[in-house]
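Let's see this in three dimensions:
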Amino acid sequence: MCRVLEVSTSGYYAWRKRPASQRARDDHALLRRIRTIHEASRQSYGVPRVYRELREDKVDVGRDRVARLMRQAGLQGISRRRFVVTTRRDAAGRAAPDLVGRCFQAEGPNQLWLADITYIPTWAGFLYLAIVLDVFSRRVIGWAMKGHLRTELVLAALEMAISQRRPESVIHHSDQGCQYTSIAFGKRCQQLGVRPSMGSVGDAYDNAMAESFFATLECELLDRTRFETQREAKFAVFEWIEGWYNPQRRHSSIGYLSPMEFERRHAEEQKRGGFAPAPPTTFERKGRAQEGPGLESEKLSTEPR
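Residues are numbered from 1 along each chain as shown. Prediction:
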């Protein structure tokens, strides 16, 4: 082999005995930390969020280096699948006006809530999940799971959101599903001082943020797990929302903070008399030039997150 490669035998043995370079040792130590972060994220984080996690831990590293090490180790985030529409509209139901107009922005909590329903397949039949999401922080503030799609499902999610937040006046935006256009739901919103808002029929973009949450839930949990019973599915979804999504999962749209951390920092700013800016819009993120490590523009949702 030495003759073929035209190197000396002594040079070969010197290379064998030579210790790893400092760069290689640093890469090895960094990769251990990357693996720990990746596992802690339930193997869902891609390069952007792993990089932000390292920067939050005061690790001086470049994004390209993180990408190289993850690629060499075969570590990657999860890509979202296409969303499936499941809304059932009541032709006789009376829809509320659209008070949002696809402008999913809020300057503070409890100004704009989004609501929607999705299904969770189990061996014992479908389990249905209704959620209420605060646009300001992307936090799930109300949720309910039942084995049916009756109005009680969305009412339970709304009641949970009201009991946790007790808003004075909030817009509740949803699609025109029969649960949200029902008389019982409308009366309850009137009693609670909630202002119903609904998008147009058959247009996913009119409730895009809620559907984006479901896409995250599907790719990070539902597509990777098979539930034998509805009880097992309820526990897994509860643990994912309250144990991972709300307190820990980093969101690129709110500065790579978790929803609870974003709200905590906003509350601290309010106590000091300062002003915590609202999250940037999608168009602002796409058009903004890079302002430093980790502030790269948002990619399409099909890219591993």
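
need the strands for the chain, in chain order.
112-120, 127-134, 139-146, 170-174, 194-198 (DSSP state E).

and the angle from the second one to strand 139-146?
Using axes from the mean of the first three to the mean of the last three C-alpha atoms, to 10 degrees, one finds that strand 127-134 and strand 139-146 are set 160 degrees apart in direction.

roughly how far is strand 127-134 from the heart of the chain?
Computed by C-alpha atoms, centre = their mean, to the nearest Å, the separation of strand 127-134 from the middle of its chain amounts to 14 Å.

Tell me the strands beside that strand, with direction?
strand 112-120 (antiparallel), strand 139-146 (antiparallel) (DSSP bridges).

now it: mean pLDDT?
The average pLDDT within strand 127-134 is 95.

cool, the last one as well?
Strand 194-198 shows a mean pLDDT of 92.

Partner strands of that strand and their direction?
Counting by DSSP bridges, strand 194-198 is paired with strand 170-174 (parallel).

residues in contact with the partner strand?
98-100, 110-116, 132, 154, 158, 180, 189, 194-199, 207, 210 (C-beta atoms under 8 Å, 6 or more residues apart in numbering). For glycine as for every other residue, the C-beta is placed from the backbone atoms N, C-alpha and C.

now stretch 186-206
Under C-beta under 8 Å, 6+ apart, the answer for stretch 186-206 is 83, 85, 89, 94-100, 102, 155, 158, 162, 167-176, 180-181, 185, 207, 211.

hmm, back to that, tell me which of the strands paired with strand 127-134 lies nearest to residue 261.
strand 139-146 (10.1 Å; C-beta to C-beta).

Please check the contacts of strand 170-174 and keep the buried ones.
Taking 16 or more other C-beta atoms under 10 Å as the criterion, what is buried in the contacts of strand 170-174 is 100, 110-116, 132, 154, 158, 180, 189, 194-199, 207, 210.

Find the nearest non-adjacent residue to residue 164, please.
For residue 164, ignoring the flanking residues on the chain, the nearest one in space by C-beta to C-beta, 6 or more residues apart in numbering is residue 141 at 5.4 Å.

Count the neighbours of that neighbour for me.
Neighbours of residue 141 under the rule other C-beta atoms under 10 Å: 23.

Check residue 234 too.
18.

That one and residue 147 touch, don't they?
No - with contact defined as C-beta atoms under 8 Å, residue 234 and residue 147 do not form a contacting pair (10.0 Å).

which residues do the two both contact?
Residues touching both residue 234 and residue 147 by C-beta under 8 Å, 6+ apart: residue 127.

Check what pLDDT the residue nearest to residue 164 gets.
pLDDT, residue 141: 96.

Could you measure from it over to residue 263?
10 Å (C-beta to C-beta, to the nearest Å).

Surely residue 185 touches residue 156?
No - Residue 185 is not in contact with residue 156 according to C-beta under 8 Å; the separation is 11.2 Å.

more crowded one of the two?
Legend: neighbour count by other C-beta under 10 Å for residue 185 and residue 156, higher for residue 185 (25 against 16).

Identify the residues contacting the residue nearest to that one when sequence neighbours are not counted.
Leaving aside its chain neighbours, residue 185 sits nearest to residue 151 (5.6 Å; criterion: C-beta to C-beta, 6+ apart). Residue 151 is in contact with 179, 182, 184, 185, counting by C-beta under 8 Å, 6+ apart.

got a pLDDT number for the third one?
Right, the one you point to is residue 184. pLDDT, residue 184: 92.

so where is the stretch 151-300 of the chain shaky, pLDDT-wise?
For the stretch 151-300 of the chain, the stretches with pLDDT under 70 are 202-204, 274-300.

Okay, helices next: where are they in it?
151-165, 183-192, 208-220, 230-240, 259-271, 282-287 (DSSP state H, counting those that start in this stretch).

Need these in a markdown table (columns: distance to residue 38).
Listed next are those as a markdown table, based on distance: least, C-beta to C-beta, whole Å:
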| stretch | distance to residue 38 |
| --- | --- |
| helix 151-165 | 31 |
| helix 183-192 | 41 |
| helix 208-220 | 13 |
| helix 230-240 | 17 |
| helix 259-271 | 20 |
| helix 282-287 | 24 |
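
wait, which of the ones you listed is closest to residue 74?
Ranked by C-beta to C-beta, the member of these that lies closest to residue 74 is helix 208-220, at 18.5 Å.
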